[in-house]
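Enquirer: Quick one, structure for this:
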Amino acid sequence: MSRYVELHPANPQARRVEKIVEEIRSGGIVAYPTDSGYALGCAPGNKEGLDRIRAIRQLDDKHNFTFMCADFAQAGPIAIVGNNAFRLIKRLTPGPWTFILKGTKEVPRMTLNAKKHTLGVRIPENPITQALVAGFGAPLLSSTFIRPGNDQPETNGWEIEDFLGHLIDVVIEGPVGSTEPTTVVDLTSDVPEVLREGAGDPDLL
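Expert: The predicted structure is shown next:
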């Protein structure tokens, strides 16, 4: 059974955040609110956690996992970012966007798309997400929490706890910024390509 933790939506309690971060560092996975629905996250080098997230979401090895970053500085070591992509990301973040980029050699291969060697990068606006990633001190390996058979992400921590709490180590209760998933933009070439329309307005590209 998971630990169910309520965090203040604007000023997450530091002691509670640190206990959650300790769980992540110990190999746990966490369900947490973002500015675009809930996400599942674990430490980037946690293969068991990665496999558990894949099993919960029923994902194959073609799925692009997302590295949740507190700011652009955290994204620099893990993603190859050209000048045009840099300017676009700086302009749109923080916000409900996922950017597909080529991964660097610093990234564990198991977290990359098996064929394209790509990953997703997010810089969210949600205060709880920001506190969690800042407390962890590095990007958090994540995937939007969309249950198999659904096309929208989970939006309530208590529902996750009731139905799936036995599969997750920590469930954080807190508000999400939007009930839509992120807008996914492929930035691996010179021309941005929208792969999925969501909470981020594609017209801003």
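
Enquirer: CA only for contacts and neighbour counts going forward, please
Expert: Will do.

Enquirer: Please identify the buried residues of the worst-scoring helix or strand of the chain on mean pLDDT?
Expert: Ranking every helix and strand in the chain by mean pLDDT, DSSP states H and E puts helix 72-75 at the bottom, with a mean of 92. Judged by neighbour count using 16 or more other CA atoms under 10 Å, the buried positions of helix 72-75 are 72, 74-75.

Enquirer: Just give me the closest of these to Ser2.
Expert: Gln74 (28.6 Å; CA to CA).

Enquirer: I'd say that closest one and Phe136 touch.
Expert: No. In this structure, Gln74 is not within contact of Phe136 by CA atoms under 8 Å, at 11.5 Å.

Enquirer: Okay, now the unreliable bits of the protein?
Expert: By pLDDT under 70, the weakly predicted segments of the chain are 1.

Enquirer: And the strands in it?
Expert: 3-6, 30-33, 38-42, 66-68, 79-80, 97-103, 118-122, 140-144, 170-173, 183-186, 193-196 (DSSP state E).

Enquirer: Including distance to Asp203 and mean neighbour count, could these go into TSV?
Expert: Output for those, formatted as TSV (distance: least, CA to CA, whole Å; neighbours: other CA atoms under 10 Å):
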stretch	distance to Asp203	mean neighbour count
strand 3-6	35	17
strand 30-33	25	28
strand 38-42	24	28
strand 66-68	23	27
strand 79-80	24	19
strand 97-103	13	25
strand 118-122	19	27
strand 140-144	23	25
strand 170-173	32	25
strand 183-186	11	22
strand 193-196	11	15
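
Enquirer: Could you export those strands to a markdown table, including columns for distance to Pro153?
Expert: Shown next, in a markdown table, are those (distance: least, CA to CA, whole Å):
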| stretch | distance to Pro153 |
| --- | --- |
| strand 3-6 | 19 |
| strand 30-33 | 10 |
| strand 38-42 | 6 |
| strand 66-68 | 15 |
| strand 79-80 | 25 |
| strand 97-103 | 14 |
| strand 118-122 | 16 |
| strand 140-144 | 7 |
| strand 170-173 | 15 |
| strand 183-186 | 13 |
| strand 193-196 | 14 |
